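J.: Okay, predicted coordinates and the sequence, questions at the end:
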Amino acid sequence: MSAFWQAVGFLTRFPVPAKAQTLKGWDNSPRYYPVVGLMLGAVIWLVGWLAELGFGSFGFTVSAVVIVASWIFLTGALHLDGWMDLADGLGSYRSRERMLEIMKDSRVGAMGVVAAIVLIGLKVAALQQLVIHDELAIVAMVPAVARFALLGVIYIFPYIQVQGLGTGLRQGVNRASLVLNLLLLLAVAYFIAGFIGWVAIGAVIVAAWLFGRFIVRKLGGFTGDAYGALVEAMETFMLLIILILVNHFG
């Protein structure tokens with residue numbers, strides 16, 4: 001269970017046992033990322049349901065903002081920080097080495113701020129529409145699918161930092177863990193959204209692979225910031241894909 005609690009403690013602000021606050025189980029923790037994503041999605045859906053219950057038809061936008069705010073809080077803005085750092089690095093249009101230096105800078109630049117505003121705006125707008133069309137339950141699977149995409153990227157693409165948060169994570173991912181997590185997500189997705197859920201998962205897998213190819217071409221491989229950016233990008237992408245599918249097939 002150490003690996004599971006490592007995943008919970010790393011990806012969320014959920015309380016974990018004191019004995020889990022060590023590095024024991026860290027290498028094997030990625031295989032639990034999608035499960036932690038399901039836990040996170042369930043809480044986010046609950047927050048949204050309570051907001052919808054309280055604000056009703058007078059506060060669709062407020063409910064969406066509350067959901068996104070809780071989403072960021074529950075993850076400690078871990079992935080959003082990576083999204084902004086990657087935007088600052090790639091947006092600099094400098095050499096590969098200089099981009100990596102910029103990404104390590106703790107300060108946030110203009111590109112990072114703009115990228116965060118666009119991403120949060122898209123999430124709020126997408127969630128508002130899901131609330132309006134009474135499809136909020138779908139959001140419960142979004143964090144899990146994005147973290148499954150992270151699992152696949154860790155397995156397929158190289159990690160280029162010698163000492164970083166992603167060091168050693170590749171050892172904890174194998175084909176069996178990928179298949180088992182995919183089967184779990186397909187079952188959950190079909191239960192929540194039926195055929196739309198399966199199509200959305202397929203779209204996210206393709207998008208994550210393209211994202212990985214792009215990062216390797218630009219940086220030579222992934223960093224911790226690129227991992228975080230991938231999660232944010234896939235969450236937002238999946239919300240938008242779901243909106244398209246619900247609009248045409250829902």
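T.: Everything's here; your move.

J.: Tell me who's in contact with G194.
T.: Not one residue lies near G194 by C-beta atoms under 8 Å, 6 or more residues apart in numbering. Quick note: C-beta positions are derived from backbone N, CA and C, even for glycine.

J.: hmm, I was thinking of F195
T.: F249.

J.: Tell me the secondary structure of F14, please.
T.: Under the three-state scheme (DSSP: H, G, I helix; E, B strand; the rest coil), F14 adopts coil.

J.: what's the burial count for it?
T.: By other C-beta atoms under 10 Å, 13 other residues sit near F14.

J.: go on, A115?
T.: 24.

J.: Chain neighbours aside, what residue packs nearest to it?
T.: A87 (3.5 Å; C-beta to C-beta, 6 or more residues apart in numbering).

J.: One more: V47?
T.: Closest to V47 by C-beta to C-beta, 6+ apart is S70, at 4.5 Å.

J.: quick revisit: how much space separates the residue nearest to A115 from V68?
T.: A87 sits 18 Å away from V68, going by C-beta to C-beta, to the nearest Å.

J.: next one: L180
T.: From L180 to V68 the distance is 30 Å (C-beta to C-beta).

J.: out of these two, which sits in the busier spot?
T.: The residue with more neighbours, out of L180 and V68, is V68; 21 against 13, by other C-beta under 10 Å.

J.: hang on, that one packs against L122?
T.: No. With contact defined as C-beta atoms under 8 Å, V68 does not count as touching L122 (9.9 Å).

J.: who's in contact with the residue nearest to A115?
T.: M111, G112, V114, A115, A116, A229.

J.: before we move on, back to that, assign a three-state SS to the residue nearest to V47, would you?
T.: Recorded secondary structure, S70: helix (three-state DSSP).

J.: what's around it, how many residues?
T.: 18.

J.: P158 too?
T.: P158 has 13 neighbouring residues, counting by other C-beta under 10 Å.

J.: for I138, same thing?
T.: Neighbours around I138, by other C-beta under 10 Å: 24.

J.: Ok, R175 next?
T.: R175: 8 neighbours (other C-beta under 10 Å).

J.: After the least confident helix or strand in the chain by mean pLDDT, which helix or strand is next? Please name it.
T.: Here the helix or strand of the chain ranked lowest by mean pLDDT, DSSP states H and E is helix 2-11, holding a mean of 91. As assigned by DSSP states H and E, the chain's next helix or strand after helix 2-11 is helix 33-55.

J.: quick one: buried residues of that next one?
T.: 33-41, 43-45, 47-49, 51-52, 55 (16 or more other C-beta atoms under 10 Å).
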